[in-house]
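Engineer: Here is the input, now give the coordinates:
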Amino acid sequence: QVQLVESGGGLVQPGGSLRLSCSASGSIFSIAAMGWYRQAPGKQRELVARIISGGTINYADSVTGRFTISRDNAKNTVILQMNNLKPEDTAVYYCNAGARSRDDVSQMRNYWGQGTQVTVSS
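Structural biologist: Numbering: from 1, shown residues only. Model prediction:
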């Protein structure tokens with residue numbers, strides 16, 4: 001199995017910055033993509049940003065120009081730098097990885113972290 005552990009959430013004022021970090025561990029064979037999703041109260045979970053092996057990066061339109069995702073393949077870590085935060089960015093942020101476990105290399109599975117709360121408020 002693959003485990004994802006997130007850190008870095010918290011309370012910040014509008015215009016402020018936060019940095020989220022996610023590390024993957026466990027019986028990892030390979031990771032195809034890592035990224036971040038978020039879910040606000042009463043809303044569906046949505047993609048924030050993801051980075052695919054090979055370097056392709058996708059951002060939600062709402063965060064383009066404010067958030068930056070980066071990945072350290074050697075450490076199986078993904079970072080989300082969030083700048084100029086807005087109240088509408090308030091949500092639980094979940095780390096996601098598409099990965100193959102050494103226990104079953106034939107299956108590409110979707111793994112999720114436990115979530116970290118980001119609150120943007122004055």
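
Engineer: ok, which stretches of this protein are helices?
Structural biologist: Along the chain, counting by DSSP state H, no stretch forms helices.

Engineer: The spatially most central residue of the chain pairs with what?
Structural biologist: Centroid-nearest residue in the chain: Trp36, 2.3 Å away (criterion: CA atoms, centre = their mean). Under DSSP bridges, the beta-bridge partners of Trp36 are Ala49, Cys95.

Engineer: wait, it sits on Ala97?
Structural biologist: No - using CB atoms under 8 Å, Trp36 is not in contact with Ala97, being 10.6 Å away. No exception for glycine: its C-beta is placed from N, CA and C like everyone else's.

Engineer: Now do the shared contacts for these two.
Structural biologist: Here Trp36 and Ala97 have Val78 as joint contacts, going by CB atoms under 8 Å, 6 or more residues apart in numbering.

Engineer: So what's the residue count around Val105?
Structural biologist: By other CB atoms under 10 Å, 11 other residues sit near Val105.

Engineer: Render the CA-only coordinates of stretch 93-104 in PDB, please.
Structural biologist: Extracted in PDB, the C-alpha atoms of stretch 93-104 (Å, rounded to 0.1, in the frame of the first residue of the first chain):
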ATOM      1  CA  TYR A  93      -7.100  20.200   0.800                       C
ATOM      2  CA  TYR A  94      -6.300  16.600  -0.100                       C
ATOM      3  CA  CYS A  95      -3.100  15.100  -1.600                       C
ATOM      4  CA  ASN A  96      -3.600  12.600  -4.300                       C
ATOM      5  CA  ALA A  97      -1.300  10.200  -6.100                       C
ATOM      6  CA  GLY A  98      -1.800   7.800  -8.900                       C
ATOM      7  CA  ALA A  99       0.600   5.000  -8.100                       C
ATOM      8  CA  ARG A 100       1.500   1.300  -8.400                       C
ATOM      9  CA  SER A 101       2.300  -0.600  -5.200                       C
ATOM     10  CA  ARG A 102       5.000  -3.200  -5.100                       C
ATOM     11  CA  ASP A 103       2.300  -5.500  -3.700                       C
ATOM     12  CA  ASP A 104       0.500  -5.400  -7.100                       C
END
